[in-house]
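1. this one's structure only:
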């Protein structure tokens with residue numbers, strides 16, 4: 001069942017710590033909620049007994065699990081100490097708004113940087129040369145391995161993923177060409 005844009009999925013948390021997605025009528029895990037968050041799906045977590053909104057607690061729990069699960073931590077210790085120090089401070093009410101605006105600016109700048117990088121690859125003559133070389137290599141490889149060019153990308157990747165992979169390969173080839181030219 002696909003979620004329409006703007007719909008909020010209600011998740012109920014029961015006393016046994018299980019999470020129930022009322023839209024799909026199934027039990028889910030914190031990993032499912034993390035995936036929903038990454039996909040931009042809006043959800044609200046309610047305590048099944050009291051009806052209280054506990055979304056903030058659950059999102060904080062997801063962050064804590066992400067921080068401890070992977071070897072890399074996104075939140076530096078100094079940042080966490082400063083954040084804790086802001087609790088009870090007269091500026092505490094301003095921090096959430098500031099952090100939201102900072103994150104929005106970060107995402108906007110990230111998108112602009114990605115667009116600029118992709119545009120620079122498209123206008124680079126060495127990137128075009130690398131693209132032609134890659135196409136010639138694929139054509140030559142298909143002569144030795146029939147059906148090579150007919151295969152679909154692994155894992156059902158989209159054309160955007162293919163283009164991103166090709167650009168990464170072109171950048172690597174350009175780097176090698178630059179090293180050979182020295």
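-> Looks like it arrived, so ask away. Bear in mind that the values here come from a model prediction, so they are computed numbers and not experimental data.
2. how many other residues sit next to residue 91?
-> By other Cβ atoms under 10 Å, 8 other residues sit near residue 91. C-betas here are computed from N, CA, C, even on glycine.
3. what are the ranges of the strands in this protein?
-> 9-13, 19-21, 26-28, 43-47 (DSSP state E).
4. same list, those strands, but as a markdown table with mean pLDDT, mean neighbour count and distance to residue 140 please.
-> What follows is those, written out as a markdown table (pLDDT from 0 to 100; neighbours: other Cβ atoms under 10 Å; distance: least, Cβ to Cβ, whole Å):
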| stretch | mean pLDDT | mean neighbour count | distance to residue 140 |
| --- | --- | --- | --- |
| strand 9-13 | 95 | 18 | 50 |
| strand 19-21 | 95 | 18 | 50 |
| strand 26-28 | 94 | 13 | 48 |
| strand 43-47 | 96 | 18 | 50 |
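5. so for the longest helix along the chain, mean pLDDT?
-> Criterion DSSP state H: the longest helix present in the chain is helix 95-123. For helix 95-123, mean pLDDT is 82.
6. same for it, what does it pack against?
-> helix 159-181 (3 or more Cβ pairs under 8 Å, 6 or more residues apart in numbering; DSSP states H and E).
7. in the helix it packs on, what's buried?
-> 166, 167, 170, 171, 173, 174 (16 or more other Cβ atoms under 10 Å).
8. which of these lies closest to residue 110?
-> For the buried residues of helix 159-181, the minimum distance to residue 110 (Cβ to Cβ) is 16.7 Å, reached by residue 167.
9. surely the closest one meets residue 118?
-> Yes - taking Cβ atoms under 8 Å as the definition, residue 167 is a contact partner of residue 118 at 6.9 Å.
10. pLDDT weak spots in the protein?
-> Counting by pLDDT under 70, the chain shows low-confidence ranges at 1-6, 120-125, 127, 141-158, 181-182.
11. quick check: the spatially most central residue of the chain vs residue 31, distance?
-> In the chain, the residue lying closest to the centroid (Cα atoms, centre = their mean) is residue 38, at 5.8 Å. Per Cβ to Cβ, to the nearest Å, residue 38 is found 11 Å from residue 31.
12. now swap in residue 48 and tell me
-> 20 Å.
13. same thing with residue 82?
-> Distance from residue 82 to residue 31, by Cβ to Cβ: 29 Å.
14. residues in contact with residue 28?
-> 11, 19, 20, 21 (Cβ atoms under 8 Å, 6 or more residues apart in numbering).
15. got the contact list for the last one?
-> Meaning residue 21. Per Cβ under 8 Å, 6+ apart, neighbours of residue 21: 9, 11, 27, 28, 32.
16. okay, those residues in JSON lines with distance to residue 69 next?
-> Putting the contacts of residue 21 into JSON lines (distance: Cβ to Cβ, whole Å) gives the following:
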{"residue": "9", "distance to residue 69": "23"}
{"residue": "11", "distance to residue 69": "20"}
{"residue": "27", "distance to residue 69": "21"}
{"residue": "28", "distance to residue 69": "17"}
{"residue": "32", "distance to residue 69": "15"}
